[in-house]
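Trainee: Compute the structure for the input listed below.
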Amino acid sequence: MRGAAFSSSVCAAIVIFVLGGCGTGGYTDEGSQGAGKQLFLDANCGACHTLADAGTRGIIGPNLDDAFAQARVDGMTSETFTQVVAAQIRFPIEETSTGTPGMPGVHETLPECEEVEGGVFCVRDQDRAVSDIAVYVAAVAGTGTAPPEQPAPTDGKSIFTANCAQCHVLAAADTSGTIGPNLDQSKPSKALATERVTNGQGVMPSFKNSLDAAQIEAVAEYVSSAAGR
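Mentor: The predicted structure follows:
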């Protein structure tokens, strides 16, 4: 789930489109918040999005709490947000005009199990998965609620999985992102990994405001030692 941050006017435009049922996959009115939260985490949406209720702090895509907070104050309902989120998952902007990472298509974010092989993440019913995630995000985004604070990960692999998996291939971490370089092929040095995580480059954002120095060193050490192994 990536792309430009929503404004109230953008949300309103999407809602009109969704409620009209034109090419949007239909009206979404059922879903499980519990299943949606688990899918949000399992599909690694948090690698790109901040959502307080899920405890995620992704910075590649929109902060979902910020995206919906003002619209919620203005009186828009969770039912309306559900349509917005479902439409964004089903019909994302995969290529942006600014060159920033777009959001992958639904067959990449929520692949059906019959279409994939091996132990990769998949769903049995894609439409149901979209509904569950949409209902969950719509219910909690921008509400100001969050689960109890969990200790930030300190080991390199956990930090990589939480922040980098959606964008990079790294066999040791069982990740298959396609936005950034294949780390098994590029095999960055620790110094280069540290530089890129700290300052970013191109479509890769800087993580210096979301990871502390020890976390950056840990993930750089992990990537440099695990890549290509």
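
Trainee: Could you check what's spatially nearest to residue 68, not counting adjacent residues?
Mentor: residue 142 (3.7 Å; C-beta to C-beta, 6 or more residues apart in numbering). Any C-beta I mention is one placed from the backbone N, CA and C, and that applies to glycine too.

Trainee: Run through the residues that contact the one you found.
Mentor: 64-72 (C-beta atoms under 8 Å, 6 or more residues apart in numbering).

Trainee: looking at those residues, which has the most residues close by?
Mentor: residue 64 (30 neighbours; other C-beta atoms under 10 Å).

Trainee: Wait, that residue touches residue 46, no?
Mentor: No - using C-beta atoms under 8 Å, residue 64 makes no contact with residue 46, being 9.8 Å away.

Trainee: ok, the nearest residue to residue 224 once chain neighbours are set aside to residue 225 distance?
Mentor: Residue nearest to residue 224 in three dimensions, not counting chain neighbours: residue 190, with 4.0 Å by C-beta to C-beta, 6+ apart. From residue 190 across to residue 225, the span is 8 Å (C-beta to C-beta, to the nearest Å).

Trainee: Need the overlap of contacts for these two.
Mentor: By C-beta under 8 Å, 6+ apart, no residue touches both residue 190 and residue 225.

Trainee: Who are the contact partners of the most centrally placed residue in the chain?
Mentor: Taking C-alpha atoms, centre = their mean, the centroid of the chain lies closest to residue 45, which sits 2.7 Å from it. Residue 45 makes contact with 1, 51, 54, 56, 58, 109, 133, according to C-beta under 8 Å, 6+ apart.

Trainee: Out of those residues, which sit inside helices?
Mentor: 109, 133 (DSSP state H).

Trainee: So which residues of this structure form helices?
Mentor: With DSSP H as the criterion, the chain has helices spanning 8-20, 33-42, 64-73, 78-90, 106-109, 126-140, 156-163, 183-186, 190-199, 213-226.

Trainee: Out of the ones you listed, which is closest to residue 171?
Mentor: When those are compared by C-beta to C-beta, helix 183-186 sits nearest residue 171, at 5.4 Å.

Trainee: what's the burial count for residue 59?
Mentor: Applying other C-beta under 10 Å, we find 17 residues neighbouring residue 59.
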